[in-house]
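>>> Quick check, what structure comes out for this input:
(chains A and B)
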Amino acid sequence: MTQDMQAALDVLCPMHLVLSETGHVIHAGPTVQKLRPDTPMQGRRFLEIFNLKRPRAISDMDELRAAAGVKLHLQMRDAPQTEVKGVLVPGPKDGQCIINLSFGISIVDAVSDYALTSADFAATDLAVEMLYLVEAKSAAMEASRKLNLRLQGAKIAAEEQAFTDTLTGLKNRRAMEHIMSRYAAWGTQFAIMQIDLDWFKAVNDTFGHAAGDHVLQTVARIMVDETRDSDTVVRIGGDEFVVLLPNAEDMNATQSIGSRIIKRLTQPIPFQGQDCRISASIGIGVFDPDLPDTVTDVLDNADVALYASKNAGRGRQTFYTPELRDTASNTEPETVSKSA
Amino acid sequence: MHGLINRAIQCFAVDTYGQEKWLDATKVADLDFVDFEAMLIYDDDLTPRILDALAQVMDRPRPELMEDLGTYLVSHPTVEALRRLLRFGGVNFVEFLHSLDDLPDRARLAVSDLNLPRIELREHGTGRFSLVCDCPIAGYGHVMMGILRTMADDYGTLAVLDHQGGGQGTEVISISLIETEFAEGRVFDLGARAG
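Just a heads-up that it's a prediction; the model follows:
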């Protein structure tokens, strides 16, 4: 190759190599030589410097020459084992060939590994633009990521502070705990009415979630209708509700609220031409500031009473009495021994 | 106006004058928040309002303040990423000047909804240029002055800059290069990513 030609190639493709017929490097472009600044590539065998990863099964120069025009995937044999892309063309003399290399996607690591500068790339090479893009996009992505984190934090905080169940508009468990602890602090006597919907799962399974959601919203409206303004209706879970009734000295008043709720919930709820049939089981515990039972105890009492209602055939309400616990603990071992 | 621009103004104010002064400025500007989010879009009139408020709080003319903003953008460690991105524009100051024509496109490549004002470089003879900036916000030319002064320094070039005023939404800066290899300049390592 003429000197002029060589100089031209060094400018146009600073990552090219010229190989002899035997596969030895006759000339290495200025940038490719920067990959191994301490060991001149000239005079070494190309395939000893680079491992050909694709196309596979090329072990000698004849096979390599046959891969002219094909995209080559190469990797440097010793560390740092930078991967490069390449393409081979025959020439300039018979049996010789020119291989031009590019970093491809490994450009980001390569510029740091070899301390490359803009001057190491051909003026037409998009490598520097690519580095620009990588940095610009990383910076933009980082800014977006931070915004997302802040928004997510704000969302969690808002949810944690929320007192409302989004589906029904009723109060949620958080609100319930807040109100109960306020009642306890004030020394207010109040009843806790635990309400579980009966057969709700069947509605969901038969008519789908849209029907289930409609039923829950209807149930919520009925409960609000049938309670007093001073009472609080809470949805604490899927089909589980609680009504807090302050100043519930009059057991009969509480009982009649429970009865009205059950009566109305037993009526079919129409949804898209279908009748959704549910019912409700209720357990009632009463918090009395003069008694040792804490709010948590009373909540548990209401739960025990609720299970008594369920065991007795659902669609009914039970006031808590300590005897219910005896029944519960008496029946439990039986269930265990049956299933064992 | 893109949050990145408003956020840059906030970073400048906080890093240069302190959080207190920034909070004062947000009150004077009657913002109902104190932090701009870089990746949200804000009403266009907020940006001149906060700039006026800062000038008032700091008791400095707005053009001066905006030139300091430009200097800050390409010299402060907080916004080192920006200086690096600009340095990708060219290997010397003249190449950098020529790359400014592409600046709005480059910015859009990184953040698709970031619209920077158009800039046009005109060459009048060896080492003599003028830069015509679209100015959706009055004084944007002064921000460019600060950027150019600092970048010239960054490249080790000695340049004389002059704001020629403007009107009808454009401002003109004249640039005369005295010596292109006046000093060492700051190192630009392609591989060193700004943290």
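>>> Name the next helix or strand downstream of the helix or strand bottoming out on mean pLDDT in chain B, please.
None of the helices or strands of chain B scores lower by mean pLDDT, DSSP states H and E than helix B:80-87, at a mean of 86. Under the assignment DSSP states H and E, the closest C-terminal helix or strand after helix B:80-87 is helix B:93-99.
>>> Remind me what that next one packs against, helices and strands.
Helices and strands touching helix B:93-99, by 3 or more CB pairs under 8 Å, 6 or more residues apart in numbering or on different chains; DSSP states H and E, are helix B:140-155, strand B:170-179. Bear in mind the C-beta positions are built from the backbone N, C-alpha and C, glycine included.
>>> Paired strands for the last one, with orientation please.
Next to strand B:170-179 in the sheet, as set by DSSP bridges, lie strand B:128-134 (antiparallel), strand B:158-167 (antiparallel).
>>> any idea of the pLDDT on residue 8?
Looking at chain A here, since you left the chain open. With respect to pLDDT, A:A8 scores 95.
>>> Switch to chain B, please.
On the pLDDT scale, B:A8 gets 93.
>>> next one: A:R36
Reported pLDDT for A:R36: 94.
>>> contacting residues around it?
A:49, A:76 (CB atoms under 8 Å, 6 or more residues apart in numbering or on different chains).
>>> quick one: low-confidence parts of chain A?
A:1, A:328-340 (pLDDT under 70).
>>> Residues of it that sit close to chain B?
Residues of chain A found near chain B, taking CB under 8 Å from any CB of the partner chain as the criterion, are A:108, A:110-113, A:115-119, A:128-129, A:131-133, A:135-140, A:143-144, A:146-147, A:150.
>>> Name the SS class of the residue nearest the centre of chain B, please.
Chain B has B:G70 as the residue nearest its centroid, 3.6 Å off, counting by CA atoms, centre = their mean. Here B:G70 takes the helix state, with states given by DSSP: H, G, I helix; E, B strand; the rest coil.
>>> My guess is it contacts B:G141. True?
No - using CB atoms under 8 Å, B:G70 makes no contact with B:G141, being 9.5 Å away.
>>> Domain-wise, how is chain B divided?
According to automatic domain parsing, chain B is divided into the following domains: B:3-60, B:77-179.
>>> do you know which of these lies nearest A:G104?
Nearest to A:G104 among those is domain B:77-179; the distance by CB to CB comes to 19.1 Å.
>>> The spatially most central residue of chain A: which element?
Nearest to the mean C-alpha position of chain A, counting by CA atoms, centre = their mean, stands A:Q152 at 11.9 Å. Following DSSP H and E, one finds A:Q152 within helix A:127-161.
>>> and that helix, what other elements does it pack with?
Counting by 3+ CB pairs under 8 Å, 6+ apart, the packing neighbours recorded for helix A:127-161 are helix A:107-113, helix B:80-87, helix B:103-110.
>>> And the first one, what does it pack against?
What that stands for is helix A:107-113. In terms of contacts (3+ CB pairs under 8 Å, 6+ apart), helix A:107-113 is packed against helix A:127-161.
>>> just to revisit the earlier point, for ChimeraX, write a command that selects the buried ones of the residues of chain A next to chain B.
Per 16 or more other CB atoms under 10 Å in any protein chain shown, the buried members of the residues of chain A next to chain B correspond to this ChimeraX selection:
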select /A:108,110,111,116,117,118,128,131,132,133,135,136,139,140,143
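>>> how about low-confidence regions in chain B?
B:193-195.
>>> Report the buried residues of stretch A:27-41.
The neighbour-count criterion (16+ other CB under 10 Å) identifies A:27-29, A:31-35, A:41 as the buried residues of stretch A:27-41.
>>> what does stretch A:167-177 give?
For stretch A:167-177, the neighbour count (16+ other CB under 10 Å) marks A:168, A:170-172, A:174-176 as buried.
>>> so which two of those are the farthest from each other?
A:T168 and A:R174 (14.6 Å).
>>> quick one: B:A55 and B:D68 touch, right?
No - B:A55 lies out of contact with B:D68 (CB under 8 Å); the separation is 10.7 Å.
>>> Give the full set of residues in contact with the residue nearest to the centre of chain B.
Contacts of B:G70 by CB under 8 Å, 6+ apart are B:142-150.
>>> Kindly recompute the last result at 10 Å.
The contact partners of B:G70, by CB atoms under 10 Å, 6 or more residues apart in numbering or on different chains, come to B:12, B:140-151.
>>> go on, B:H142?
Contact partners of B:H142, counting by CB under 10 Å, 6+ apart, are B:61-70, B:133, B:135, B:163, B:171, B:173.
>>> Likewise for B:R149?
Contacts here follow CB under 10 Å, 6+ apart; on that basis B:R149 touches B:67, B:70-71, B:74-75, B:159-161, B:173, B:175.
>>> Among those residues, name the buried ones.
B:67, B:70-71, B:74-75, B:159, B:161, B:173, B:175.
>>> any idea which of those residues is the one closest to A:H209?
Once CB to CB is applied, the member of the buried ones among the contacts of B:R149 that ends up nearest A:H209 is B:V74, at 56.2 Å.
>>> quick revisit: make CSV from the helices and strands packed on helix A:127-161 and add distance to A:F200 to it.
Converted to CSV, the helices and strands packed on helix A:127-161 look like this (distance: least, CB to CB, whole Å):
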stretch, distance to A:F200
helix A:107-113, 56
helix B:80-87, 55
helix B:103-110, 53
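>>> which residues sit in contact with residue 144?
No chain specified, so I'll use chain A. Counting by CB under 10 Å, 6+ apart, A:S144 has contacts B:38-39, B:111.
>>> ah, I was thinking of chain B
Shown in contact with B:M144 (CB under 10 Å, 6+ apart): B:66-67, B:70, B:100, B:103, B:117, B:119, B:131, B:133, B:135, B:161, B:163, B:171, B:173.
>>> separation between it and chain A?
The gap separating B:M144 from chain A is 19 Å, by CB to the nearest CB, to the nearest Å.
>>> how much space between that residue and A:Q255?
Using CB to CB, to the nearest Å, B:M144 is found at 80 Å from A:Q255.
>>> Tell me the helices and strands packed up against the helix or strand following the helix holding A:Q152.
With elements assigned by DSSP H and E, the helix or strand that comes after helix A:127-161 is helix A:173-186. Helix A:173-186 sits against helix A:127-161, strand A:190-198, strand A:232-237, strand A:240-246, strand A:279-287, helix A:295-311, with contacts defined as 3 or more CB pairs under 10 Å, 6 or more residues apart in numbering or on different chains; DSSP states H and E.
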